Structure formats: structure tokens, C-alpha cells
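Q: Can you look at this prediction? I've put the sequence above it.
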Amino acid sequence: MRDDHGGLVVLGTSSEVGKTLVTIAICRWLRDQGVKTTPFKSLSMQPGEALYPTPPDGAIHYHQAYQAVAAGVRPHGDLNPIALWVTPERVATSIRGRRCDDWLSQPPRVCTDRGRAEIMEAYRRLAEQYDFVVSEGCGSPVELNLKDRDVTNLWLADAADVPCVLVCSTVHTGVFAALVGTLELMAPAERRRVVGFVVNRFAGDPREFDSAVTILEQRSHLPCLGVIPHFDRAPLLTSVPTGPGQVLERAHSPRLDAEIAAWTAHVSAHVALDRLMEGVRGYAAVADGAA
């Protein structure tokens, strides 16, 4: 990897808190700042075939295709090196753009080790080509019984040596326990990578959440980078595509690009993305000094 490459992992306190959408906004915002940016997601899992086809015979999750549109890059296999989806016959797998349906027949340890090798090869290729890699995590980063098999969250942040931002959502009740509990379950070295948190999908005036932000900052010892109000025109809050044809049509439509622009404007109005990047640079400076 280039010594000057930048990167960030977007973690979430759980699934469905908005990691994908926050990643889209960061990718588009960085692109608009003139930064050569790419999205990345180590592993995706989904029911159905809402996939973007990649040569020679594989696919990536449609979320990563939309993130590529946000960043202004061509969707391809390295953006989502391990993609899993359920077909009527089996769990299908694409490894860096190649169909590999016997992948899950390997022993779990072999899957993890080989998966990590494929993931880091894809990540290194992207880091050589782009100035900044915005990686989206998967689920919760602190499923303690699965940490030895992690390939998407804190393992990736450590392997790539990049910081993290943590996303939580008020739609999922228990935002205090979710945020503080997630941080408490991290090892000290993992927690030091987290440069701030974002509260997503707040219903109402964000100023009504000011007292909650104060408590969260005091308990987490991290800055709140913003509270994003609910936005009913976000680019992924439409129906899930039924197949690759719909994904291709939507990914290359002016409407999606306009929705991404509107969503990014909404996020940047409520989240201090410049402050987030200051945290990223600060982490990199400390890491360089410790090297």
C-alpha cells in the first residue's frame, strides 16, 4: 500500500443503523472535495439476487455498486471481495469477481484465513490506486464469539491500520446502551481507533437530542460528529431490486445520482465531515509517530 493512503472504517452498533448510507455520504463528500475515493466492504451477505454483475462471472452487493456511484468509480469485484447471496439451491459466493460456490464447504478456519488474504489483496490494490478508502463494516463489531473470524470490522481496521467512526441509530431503542456498550466491549487498542460517533435517523428537531449528546460524549469520551435527522428520500430506502437487471438500471440512472447528492447534502448539513477528516488525520499522525 502507498504510505500516504488514507482510510476509514464505518462501524455500526448493529445492523440497520445506517452504515451503508453514511458510507455513501462520505464517499460523495470526499469526491466533491477532489479526493480520489473508493468504497470497500470486505464481506456482504443477502437473501435474493440484488447484485451488480462483475467480470468474469461474479457479483458485488448492490449497496457497494451504489457506493461506487457516490465515489465516481466503476463498480468491480475488489470493492466487495467476498459476496454471499442465497439462491434456491445454495448460498452462492463471489470472490473478487469470480463465482466460487464451494467456498463455504471449506473448514471455518480455512474460510477465514483465505478470506482475509483475498480481502487484503483487494484492499491493497485499491489503496495503491486511490487516495482514500471508505470501508463499511458488517453488523456489530463486538460479537465476541465471532471475533476470531472477523473479516469486516475491527480486524480490517487493524490490518489496514486505519481509524473508525461508529454509527448508531435512535430508531433502534437503547442508543445509550448500544453506543457505550459497543465501546466497552472493544479492547483498548481497538477503542483508540474510534475517532467519533454519529447518531442516525433522529425523528424531530436534533436540538431536542442535545442533552443526550452530552451524556453520550461524557460516557464514551468521544466527540459526537453529528445527529442526522430522518430523511425519507435517502437513496437506498426504496424497494430492494429483484435482480441484476434492476441493479444495473438503477446504478446507471441519473435519478440515483441525484438522490445521492441530496442525501449527501442532508448529511453534510448535520455531520461535521471536515471534523471527521481531522480525526482521521490526527489518528494517522499518531500512528506514524508510534511506528
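A: Arrived safely. Numbers count the residues shown, from 1 in each chain.

Q: which residues of the stretch 1-150 of the chain fall in helices?
A: Taking DSSP state H, counting those that start in this stretch as the test, the helices found in the stretch 1-150 of the chain are 19-32, 62-71, 108-129.

Q: Now find how far off-centre the second one is within its chain.
A: Centroid separation for helix 62-71 versus its chain: 11 Å, with C-alpha atoms, centre = their mean, to the nearest Å.

Q: With stretch 257-277 instead?
A: Averaging C-alpha positions (C-alpha atoms, centre = their mean) puts stretch 257-277 15 Å from its chain's average.

Q: Now do the buried residues in that stretch.
A: Along stretch 257-277, the positions that meet the burial threshold by neighbour count (16 or more other C-beta atoms under 10 Å) are 257, 259-260, 263-264, 266-268, 270-273, 276-277. C-beta here means a position set from N, CA and C on the backbone, and glycine is covered the same way.

Q: Same question for stretch 185-197.
A: When neighbours are counted by 16+ other C-beta under 10 Å, the buried residues of stretch 185-197 are found to be Met186, Glu190, Arg191, Arg193, Val194, Val195, Gly196, Phe197.

Q: same deal with stretch 118-131?
A: Buried positions in stretch 118-131, judged by neighbour count with 16+ other C-beta under 10 Å: Glu118, Ile119, Met120, Ala122, Tyr123, Leu126, Ala127, Tyr130, Asp131.

Q: what residues does it touch?
A: For stretch 118-131, the surrounding residues in contact (C-beta atoms under 8 Å, 6 or more residues apart in numbering) are 1-2, 4-7, 35-38, 40, 42-43, 73, 77-79, 81-82, 95-96, 133, 135, 151, 156, 159-160.

Q: Then stretch 235-254?
A: Stretch 235-254 is touched from outside by 20-21, 24, 48-53, 59, 62-63, 65-66, 68-69, 75, 256, 259-260, 263, with contacts defined as C-beta under 8 Å, 6+ apart.

Q: Could you do stretch 176-187 as well?
A: Applying C-beta under 8 Å, 6+ apart, the external contacts of stretch 176-187 come out as 11, 13-14, 140-142, 144, 154, 166, 168, 172, 191, 194, 197, 212, 215-216, 219-220, 222.

Q: At which residues are the strands of the stretch 151-291 of the chain located?
A: Remark: strands of the stretch 151-291 of the chain, listed N- to C-terminal, are 164-169, 194-202, 224-229; assignment by DSSP state E, counting those that start in this stretch.

Q: Tell me which of these sits most buried.
A: By mean neighbour count, with neighbours taken as mean count of other C-beta atoms under 10 Å, strand 164-169 ranks first of the strands of the stretch 151-291 of the chain at a mean of 26.

Q: and it, C-alpha only, in CSV?
A: Extracted as CSV, the C-alpha positions of strand 164-169 are listed here (Å, rounded to 0.1, in the frame of the first residue of the first chain):
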residue,chain,number,x,y,z
CYS,A,164,-13.1,4.1,12.7
VAL,A,165,-16.2,6.1,13.1
LEU,A,166,-19.1,4.5,15.0
VAL,A,167,-22.7,4.9,13.8
CYS,A,168,-25.8,4.3,16.0
SER,A,169,-29.5,4.9,15.4
